[in-house]
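Okay, structure incoming, though there's no sequence with it:
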DNA sequence: TTTTTTGCAAAGATTTTGCACCTTA
DNA sequence: TAAGGTGCAAAATCTTTGCAAAAAA
């Protein structure tokens, strides 16, 4: 487990994580806080491999990463999303992060977060129509970001 | 490989698959047709495990299933989607299947396909706003279907 | 006949587990 | 102190690969 010489003050999000864990009878441990911070700091969803890679230097075991992600997902602190090439990645969900969706560039891998109320409304409308009770939804848009689309056009012109 | 005693006439979709394969310099084989038919017949996306399970009785090897799915996805005959619990599943994409999204019941696993033009428009609007060129998009809505929501309410009332 | 595809089995990765020891509450 | 959590290493799974035989074009 991680060294805890100093006990840094917890941010608001960390306080919220702590109470959520306790509500579910789970304990607040340095490893869980650390993994949470890693996801908070990431600008995009992270694969398990990537998370493990970042946790290892902190002395956190792979098996622990699997176990924490499983629990975090069970209590809705995180959820998984699908990146291009069938890669599963994890990220925080509200209220630990703002509700959003992704535009993922399949060329450079860049991930742009966005939120569009009309889109969410359309989903609600569909669900209502089918008598479906929504607990979560995921929208992943794949394609090319501006830069890559430009590079792609130039490459085509060049040949 | 599968027994090919009789050579059944190919459906329109299969003809299309055949020409798509040829366009990409790939061959039309019984195994590929079989996997294609399996996805066509499925009412919901199938995990690799599920696909393998259905192919095995037909004498198709697991390694072959992996290889075919990889190629099908590369030439956009299939794509992967994420079901609840982080399970990756495959399904056909247009023009091999109609464009649609999913409402997935996390209790009974039922999958309802839907299509909503407003939703697609909202995605296009967002993409345009970010100068993003969309090649594909995926919308997965998780929650409870009517029956399961009802069962869930009754269970709560009962206790 | 040439080029792909597939089966098989081995090699590699990824995940899951049991259990003893350590922490949190 | 009781109930969890974590490290470690082994087991179980899942994927990928090399290569020879079989099939498609």
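It's in. The shown structure was predicted, so the numbers you read here are calculated from the model rather than taken from an experiment.

C-alpha from now on. contacts and neighbour counts both.
Will do.

Might you calculate how far whichever strand or helix holds residue A:70 sits from the centre of the chain?
Following DSSP states H and E, one finds residue A:70 within helix A:62-74. Distance, stretch centre to chain centre, for helix A:62-74: 14 Å (C-alpha atoms, centre = their mean, to the nearest Å).

Can you list the buried residues in it?
By neighbour count on 16 or more other C-alpha atoms under 10 Å in any protein chain shown, the buried set for helix A:62-74 is A:62, A:64-65, A:68-69, A:71-73.

Out of those, which is nearest to chain B?
Using C-alpha to the nearest C-alpha, residue A:73 comes nearest to chain B of the buried residues of helix A:62-74, at 8.6 Å.

how near is the closest one to residue B:116?
Shown here: residue A:73 relative to residue B:116, a distance of 29 Å by C-alpha to C-alpha, to the nearest Å.

same check, this time on residue A:48
Taking C-alpha to C-alpha, one finds residue A:48 at 33 Å from residue B:116.

between these two, who's got more neighbours?
For residue A:48 versus residue B:116, neighbours defined as other C-alpha atoms under 10 Å in any protein chain shown are more numerous around residue A:48 (17 against 14).

what sits against the most centrally placed residue in chain A?
Computing the C-alpha centroid of chain A and ranking residues by C-alpha atoms, centre = their mean puts residue A:91 first, at 1.2 Å. By C-alpha atoms under 8 Å, 6 or more residues apart in numbering or on different chains, the contact list for residue A:91 reads A:39, A:44-46, A:78-81.

Within range of DNA strand D, give me the residues from chain A.
A:1-2, A:25-27, A:29-32, A:59-64, A:67-68 (C-alpha under 7 Å from any atom of the strand).

among those, which ones are buried?
Buried among the residues of chain A next to DNA strand D (16+ other C-alpha under 10 Å): A:31-32, A:60-62, A:64, A:68.

Quick one: residues in contact with stretch A:99-106.
Outside stretch A:99-106, the residues touching it (C-alpha under 8 Å, 6+ apart) are A:83-84, A:93, A:110-115, A:138-145, A:148, B:127, B:132.

Paired strands for the longest strand seen in chain A, with orientation please.
Taking DSSP state E as the criterion, chain A has its longest strand at strand A:133-144. The strands beside strand A:133-144 in its sheet (DSSP bridges) come out as strand A:101-105 (parallel), strand B:133-144 (antiparallel).

Distance to residue A:18, mean pLDDT and mean neighbour count added to the ones you listed, as TSV?
Listed next are these as TSV, based on distance: least, C-alpha to C-alpha, whole Å; pLDDT from 0 to 100; neighbours: other C-alpha atoms under 10 Å in any protein chain shown:
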stretch	distance to residue A:18	mean pLDDT	mean neighbour count
strand A:101-105	26	97	23
strand B:133-144	26	96	20
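
Mind putting these into a markdown table with distance to residue B:98?
Converted to a markdown table, the strands paired with strand A:133-144 look like this (distance: least, C-alpha to C-alpha, whole Å):
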| stretch | distance to residue B:98 |
| --- | --- |
| strand A:101-105 | 22 |
| strand B:133-144 | 13 |
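
who wins for proximity to residue B:17 among those strands?
strand B:133-144 (19.3 Å; C-alpha to C-alpha).

the strands in chain A, which residues?
A:46-47, A:78-83, A:87-92, A:101-105, A:111-114, A:133-144.

Turn these into CSV, including distance to residue B:10.
Below are the strands of chain A laid out as CSV (distance: least, C-alpha to C-alpha, whole Å):
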stretch, distance to residue B:10
strand A:46-47, 41
strand A:78-83, 33
strand A:87-92, 34
strand A:101-105, 37
strand A:111-114, 41
strand A:133-144, 32
